[in-house]
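Participant: Sharing a sequence plus its predicted fold:
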Amino acid sequence: MPDRTRFRILVRHFVRRFIDNDLVSAHADRHESLAFFGATLVAAGMFGSVLIGSKYLFGLASPGWVAVSAMYDISTIVSICMIVVALTATAQWDALSLDARDTSVLGPLPIDHRTIVLAKATANTVFGAAVVAGAAIPGSLVFSFFELAGLQLVTSTEIRVVISQLVATMMSGLYAFTSVIALRECLRLLTGPRHFARVSPVLQACLVIVLTTMLLLVIGGNHAVTRMLQQSDSVGADRSLFAVPALWFVGLAQALNGDLIALAPVAGVVVDDDWSRFYLARQDLFVRLGVAAVVGTGVTLVAGVTAFFWHSRRPPSAIPQGAAHWRRLWEAFEWCARRTLVRRPVAQSTFFFTLRVIFRSRPHRLALAVGTAVALSLAIAVVSAAGLERTEPDAQAPLSLWALQPLVLITLAATLRHATAVPAELRANWIFHQCWPGDLHQSVIGARRAALLAVLVPALLLLFPIHAVAMGIKASLFHAMNGLLLSVSLIALAMLDRTAPPFLTSYVRTGNVNTIGPILFLISVSCSFAIAALERAAAEDLAAMVRHTLIIVAGACAVSLTAKARLSAAAPLVTDAPEPSADPLRLSG
């Protein structure tokens, strides 16, 4: 078989690795999820551009106003494009370069190592180009048509404006994608293989949290970038603009446009107003921002490509794990947990197994990172809108602050529900089948208590200072106690329909996200505000606090008893293991 044919087959193989995942199901196929993601990406970009650009269709706007307003709107489009592309690349963090699994699978085959490396680089290019195109082209094109709808420009000028904004948006996506690769490969170069294996998962989780939080804040209407552009007339503000990469590409788009929009004639007359003067006074700034965009994209591209090929000189091998740190502290924690939290052997095994899986397994860390980012975004949005300072000593905190805790807990419980459905190691499920004692209730109890201790209780502790400042100590303690009881009920409901211990079966989707997702979101918000209203009313009187707490305790007990009855009547454990691949590479001819 010619090397060119092998190269094409390898490229298809590496591209499919971005789509399929045989580590969570024997025949996991994410084509449906990928199609939904791609359609959502394109449709959301077009719909968002329609919402942003609809204001240009109404009224008689001057060209200067259009130029300035478009500058602000392009900053939103570019920011969302960059964050989406970076977040997608971060989600595929480990698939962006060759790993030990590629060596074990492809190493014995009669394929030149250079061919494997070039195929992997080509697959990354195809994946990056598809993501950048989906994130940049639809939104930028639709917005350009709305922006130019009210102006009377010649066709060649309109084409130049559309192309300039499209080029700037696509370059921003390219910069975001290459930045993730450059960060990963350069960090790997600086730390070495052994230390990179420890640092990489933590960095990926942090990036997912930061990027998801930024995306939700931008979509929610954060105007920090707009304010920076408005205040760009001072020297200090001009310097701060260069610290935000999204503004580089906003400046690039304006530099390519020049004064075509601001000086567009209206009925044959060029309008000289404050808007046009504001825009034209910043032409030099736009040029400097555009140069920064080109240089920044070039630097990240060269750094990422160079580091990638440098690490791919030799086939990667498995990194032996070093000695565990904090051994004595962990042993002391195990001793305390066995005598307090989990006293039965089955519950103990799943308790410690759950703690290890959710922090050591990459898919589970990624799921928790996304849930944490959503919860963090909710906290930032609610606190920013409601404020923390009480104007009067007896004034009540806003209802949104009372609803923040239930919203965060529901978000994390839903994340844990998904995480516990993903197997820790699909190929090892048969081991658990061989030694399964048949006590599903106790195994789920261990997992529930581990999730409660490791995820939900830390969330309550982090929210407590916010509530203490806004509500006072007495009300915040009452709120936190109810949050703990609510956490017990939520984690029990999240694992109510388990038919096997968590992390021990192939992943199976529990419903269609695009149909039931919005419904569940509305139900969650409604329940959170209902709970918040009841708690705020009960916080005014000690007797009401006691009655409310007793009701919450009764509800938690009812949920626990229902879970026990359902789990005790569950069917025997049936696990699966991946079958031999039905799609061989056929590289030997």
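Facilitator: Now that the structure is in, tell me what you want to look at. Numbering: from 1, shown residues only.

Participant: Please make it C-alpha for all contacts and neighbour counts, starting now.
Facilitator: Noted.

Participant: which stretches of the stretch 301-450 of the chain form helices?
Facilitator: Here the stretch 301-450 of the chain has its helices, by DSSP state H, counting those that start in this stretch, at 327-340, 345-360, 362-386, 399-421, 429-434, 440-451.

Participant: So what's the model's average confidence on the fifth one?
Facilitator: For helix 429-434, mean pLDDT is 66.

Participant: rewinding a little: quick one: closest of the helices of the stretch 301-450 of the chain to residue 102.
Facilitator: Nearest to residue 102, of all the helices of the stretch 301-450 of the chain, is helix 362-386, at 17.4 Å by C-alpha to C-alpha.

Participant: Please enumerate residues in contact with that closest one?
Facilitator: Applying C-alpha atoms under 8 Å, 6 or more residues apart in numbering, the external contacts of helix 362-386 come out as 91, 201, 204-206, 208-210, 212-214, 216-217, 357-359, 398, 400-401, 404, 407-408, 411-412, 415-416, 418-419, 422.

Participant: Around residue 373, count how many other residues there are.
Facilitator: Neighbour count of residue 373, defined by other C-alpha atoms under 10 Å: 26.

Participant: what helix or strand is the closest residue to it other than its chain neighbours on?
Facilitator: Leaving aside its sequence neighbours, residue 373 sits nearest to residue 209 (C-alpha to C-alpha, 6 or more residues apart in numbering; 4.4 Å). Using DSSP states H and E, residue 209 sits within helix 155-219.

Participant: helices or strands next to that helix in the packing?
Facilitator: helix 63-91, helix 113-148, helix 245-257, helix 283-311, helix 362-386 (3 or more C-alpha pairs under 8 Å, 6 or more residues apart in numbering; DSSP states H and E).

Participant: that older thread, nearest to residue 169, out of the helices of the stretch 301-450 of the chain?
Facilitator: helix 362-386 (25.0 Å).

Participant: Return the angle between stretch directions for the closest one and helix 399-421.
Facilitator: 170 degrees (axes from the mean of the first three to the mean of the last three C-alpha atoms, to 10 degrees).

Participant: From the chain's centroid, how far away is helix 362-386?
Facilitator: 9 Å (C-alpha atoms, centre = their mean, to the nearest Å).

Participant: How many residues are close by residue 547?
Facilitator: When neighbours are counted by other C-alpha under 10 Å, residue 547 comes out with 12.

Participant: Residue 154 - how many residues pack around it?
Facilitator: As a burial measure, residue 154 scores 9 neighbours (other C-alpha under 10 Å).

Participant: ignore the last one, residue 384
Facilitator: Residue 384: 10 neighbours (other C-alpha under 10 Å).

Participant: Please report how far it lies from residue 401.
Facilitator: To residue 401, residue 384 is 10 Å away according to C-alpha to C-alpha, to the nearest Å.

Participant: and residue 497, that's in a strand?
Facilitator: No - the assignment for residue 497 (DSSP: H, G, I helix; E, B strand; the rest coil) gives coil, which keeps it out of a strand.

Participant: In space, what's closest to residue 93 - neighbours in sequence excluded?
Facilitator: residue 204 (7.1 Å).

Participant: Could you do residue 293 as well?
Facilitator: In space, residue 293 is closest to residue 248, 4.9 Å off (C-alpha to C-alpha, 6+ apart).

Participant: how many neighbours does the one you found have?
Facilitator: When neighbours are defined as other C-alpha under 10 Å, residue 248 has 28 of them.

Participant: Kindly report the same for the one 3 residues further on.
Facilitator: Number of residues near residue 251 (other C-alpha under 10 Å) recorded here: 28.

Participant: pLDDT score for it?
Facilitator: For residue 251, pLDDT reads 87.

Participant: With adjacent residues omitted, what lies nearest to it?
Facilitator: Distances taken as C-alpha to C-alpha, 6+ apart place residue 286 nearest to residue 251, at 4.2 Å, with adjacent residues excluded.

Participant: domains of the chain?
Facilitator: Following automatic domain parsing, the chain resolves into domains at 3-18+34-192+224-311, 332-568.

Participant: want to try CSV for the helices and strands packed on helix 155-219, with distance to residue 54 as columns?
Facilitator: CSV is the format used below for the helices and strands packed on helix 155-219 (distance: least, C-alpha to C-alpha, whole Å):
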stretch, distance to residue 54
helix 63-91, 11
helix 113-148, 7
helix 245-257, 20
helix 283-311, 25
helix 362-386, 26
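
Participant: what's the most buried one of those?
Facilitator: Scoring these by mean neighbour count under mean count of other C-alpha atoms under 10 Å gives helix 245-257 as the most buried, with a mean of 26.
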